[in-house]
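Engineer: Next come a sequence and a model predicted from it.
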Amino acid sequence: MPKYSVIVPVYNRPSEVKELLSTLVNQTFRDFEVIIVEDGSTLKSDSVIAEYQSKLSIAYFIKENEGQGFARNYGFARAKGDYFIVFDSDCLIPSDYFQVVDRYLSSHTVDAFGGPDAAHPSFTVVQKAINQTMTSFFTTGGIRGGASHIGKYHPRSFNMGFSREVYEKTKGYIIPFMGEDMEFSTRLLKEGFQSVLIPEAYVFHKRRTSPTKFFKQLMYFGRARINLSRFHAGQVGLVHLFPLAFTLGLLVSFCLPVFFFDSLGFTGLIGYLFYLSIVFSESLMVNKSLTVAALTPVMTLLQMTGYATGLVYEGIRKLMGIDPNTRYIDLY
């Protein structure tokens with residue numbers, strides 16, 4: 001029996017599956033199986049699986065489309081390992097990932113764990129700018145899988161693991177999409193399980209390839225936060241409202257010069273420009289690229305306004321009694 005079972009839900013992304021498997025082949029620690037769950041795809045990964053069947057221990061399943069949360073449950077029910085590890089299909093895994101995880105679990109008793117995401121050298125400048133925005137200390141992305149996260153650590157499904165005991169008690173995901181990983185990690189913590197961040201267990205998580213797709217993704221994240229509050233009370237805190245306050249402040253700052261065409265009217269815009277200059281400077285130091293640094297403030301504005309838009313949109317839908325969990329939705 002393998003020690004680890006890797007579960008990957010897939011929907012119409014055979015090229016991503018191939019890239020993911022190519023990185024799993026190169027792992028220095030090989031005591032794991034891979035379970036690919038095709039969630040009602042019309043563009044299947046069967047030929048890719050066949051290519052890697054002799055190189056990895058792979059189980060390949062095809063099921064009707066129900067959403068990635070339920071696709072993961074399908075894989076969990078068929079997993080043989082002591083620990084389940086969940087990756088998104090758009091991840092690339094460093095060759096020492098399992099070695100790092102196994103070394104940590106050998107000296108620590110934990111129920112659930114996760115790691116950060118990072119930018120691969122092959123990523124485009126847009127993807128690198130998005131990655132900077134999503135991991136920067138100066139944005140809300142800084143709490144998402146970083147060492148300085150706020151409160152208890154909530155692993156996310158692009159890079160998370162947990163023991164078989166966790167699955168047997170929680171029964172996995174109860175919603176198929178839109179915040180399913182946040183709901184699951186919140187519930188496992190409520191059940192009394194301990195969760196930790198393993199900073200060295202990072203993955204290269206592909207970002208959206210255009211500003212438009214990034215905005216839609218962040219709008220989804222905002223919607224997912226509101227959806228989480230449908231299942232657990234107190235899930236919308238000040239840190240989640242910060243993008244909304246940021247967006248409202250930005251709108252006010254643009255309106256003030258219309259009424260006060262003096263230093264007072266431009267105070268807000270100057271403040272935002274100062275903030276974005278800090279974001280630019282940090283990106284330049286981290287990425288050593290003027291192009292990436294120049295794009296990072298733009299992505300930061302999209303991150304904040306997209307998340308805020310999602311919060312407002314789904315908040316209104318919640319007040320109207322509209323439940324997004326009754327059917328599968330193509331979110332972004």
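Structural biologist: In hand now; what should we look at? Numbers count the residues shown, from 1 in each chain.

Engineer: Who are the packing partners of the longest helix along the chain?
Structural biologist: In the chain, taking DSSP state H as the definition, the longest helix is helix 290-319. Taking 3 or more C-beta pairs under 8 Å, 6 or more residues apart in numbering; DSSP states H and E as the contact definition, the neighbouring helices and strands of helix 290-319 are helix 125-135, helix 211-228, helix 238-259, helix 267-287. For glycine as for every other residue, the C-beta is placed from the backbone atoms N, C-alpha and C.

Engineer: domain ranges for this protein?
Structural biologist: Listed by automatic domain parsing, the domain ranges of the chain are 4-208, 238-326.

Engineer: Distance from the longest one to the middle of the chain?
Structural biologist: Just to be clear, that refers to domain 4-208. 9 Å (C-alpha atoms, centre = their mean, to the nearest Å).

Engineer: could you give the mean pLDDT of that domain?
Structural biologist: Averaging pLDDT along domain 4-208 yields 92.

Engineer: try the shortest one
Structural biologist: Per-residue confidence for domain 238-326 averages out to 91 on the pLDDT scale.

Engineer: Straight-line length of that domain, end to end?
Structural biologist: Between the opening and closing residues of domain 238-326 we find a distance of 29 Å, counting by C-alpha to C-alpha, to the nearest Å.

Engineer: Tell me which of the domains of the chain is the most buried.
Structural biologist: domain 4-208 (a mean of 19; mean count of other C-beta atoms under 10 Å).

Engineer: before we move on, back to that, can you lay out the helices and strands packed on helix 290-319 as TSV showing distance to Leu188?
Structural biologist: As requested, the helices and strands packed on helix 290-319 are exported to TSV (distance: least, C-beta to C-beta, whole Å):
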stretch	distance to Leu188
helix 125-135	23
helix 211-228	14
helix 238-259	20
helix 267-287	32
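
Engineer: Go through those and name the closest to Met160.
Structural biologist: Comparison of the helices and strands packed on helix 290-319 against Met160 by C-beta to C-beta identifies helix 211-228 as nearest, at 15.6 Å.

Engineer: Return the distance of the closest one from the chain's centre.
Structural biologist: Using C-alpha atoms, centre = their mean, we find the averaged C-alpha position of helix 211-228 to lie 11 Å away from the chain's own average C-alpha position.

Engineer: could you say what helices and strands it packs with?
Structural biologist: Contact analysis of helix 211-228 by 3+ C-beta pairs under 8 Å, 6+ apart lists helix 180-190, helix 290-319 as its packing neighbours.

Engineer: Throw the ones you listed into a markdown table and include distance to Ala224, thanks.
Structural biologist: Rendered in a markdown table, the data for these read as follows (distance: least, C-beta to C-beta, whole Å):
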| stretch | distance to Ala224 |
| --- | --- |
| helix 180-190 | 6 |
| helix 290-319 | 8 |
